[in-house]
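S.K.: I'd like to go over a predicted model; first the sequence, then the structure.
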Amino acid sequence: MKKQINTEKAPGAIGPYSQAIKAGNLVFTSGQLPIDPASGNFAGADIRTQTRQCLKNVEAVLAAAGLTMGDIVKTTVFLSDMNNFGAMNEVYADFFAGTVFPGRSAVEVARLPKDSLVEIEAVAFSS
């Protein structure tokens, strides 16, 4: 059985998809852009600020499913420029401090929606 997860504490979907889907014990988030849900605009123009907002949005979607960042088992980070990897990685590490780091892939892509610098999706496990 699958269930749609939605929250107003993260940006709404900008297309025909859900913020997240819970399927059994797994929650699959859609890619989260660095959009501040209160303003509807990017949180900032630099990679650190955008990464932080992406992860706050992931955190909010997971909270709506009753989960935390510590429940994440896998993330995928999409970067518009791999030269931003180091700065993204520093911010990313802060969100998982005190937990076991999840598996992760990080890839450079030609372009992201709304010309974002970063987009992050996650898979979390609910025990």
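M.R.: Sure, I can see it.
S.K.: can I get the lengthiest helix in the chain in CSV, CA atoms only?
M.R.: As assigned by DSSP state H, the longest helix anywhere in the chain is helix 47-64. Provided in CSV are the C-alpha atoms of helix 47-64 (Å, rounded to 0.1, in the frame of the first residue of the first chain):
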residue,chain,number,x,y,z
ILE,A,47,25.4,26.8,-2.9
ARG,A,48,25.6,26.7,0.9
THR,A,49,22.3,28.6,1.4
GLN,A,50,20.6,26.5,-1.3
THR,A,51,21.8,23.2,0.1
ARG,A,52,20.6,24.2,3.6
GLN,A,53,17.1,25.0,2.2
CYS,A,54,17.0,21.8,0.2
LEU,A,55,17.7,19.8,3.3
LYS,A,56,15.3,21.8,5.5
ASN,A,57,12.6,20.9,2.9
VAL,A,58,13.6,17.2,3.0
GLU,A,59,13.4,17.4,6.8
ALA,A,60,9.9,19.0,6.7
VAL,A,61,8.6,16.3,4.2
LEU,A,62,10.0,13.5,6.4
ALA,A,63,8.5,15.1,9.5
ALA,A,64,5.1,15.0,7.8
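S.K.: elements contacting it?
M.R.: strand 20-23, strand 26-29, strand 72-79, helix 85-95, strand 118-125 (3 or more Cβ pairs under 8 Å, 6 or more residues apart in numbering; DSSP states H and E). C-beta here means a position set from N, CA and C on the backbone, and glycine is covered the same way.
S.K.: 6 Å instead?
M.R.: helix 85-95, strand 118-125 (3 or more Cβ pairs under 6 Å, 6 or more residues apart in numbering; DSSP states H and E).
S.K.: got the ones you listed as a markdown table, with mean neighbour count columns?
M.R.: Shown next, in a markdown table, are the helices and strands packed on helix 47-64 (neighbours: other Cβ atoms under 10 Å):
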| stretch | mean neighbour count |
| --- | --- |
| helix 85-95 | 15 |
| strand 118-125 | 23 |
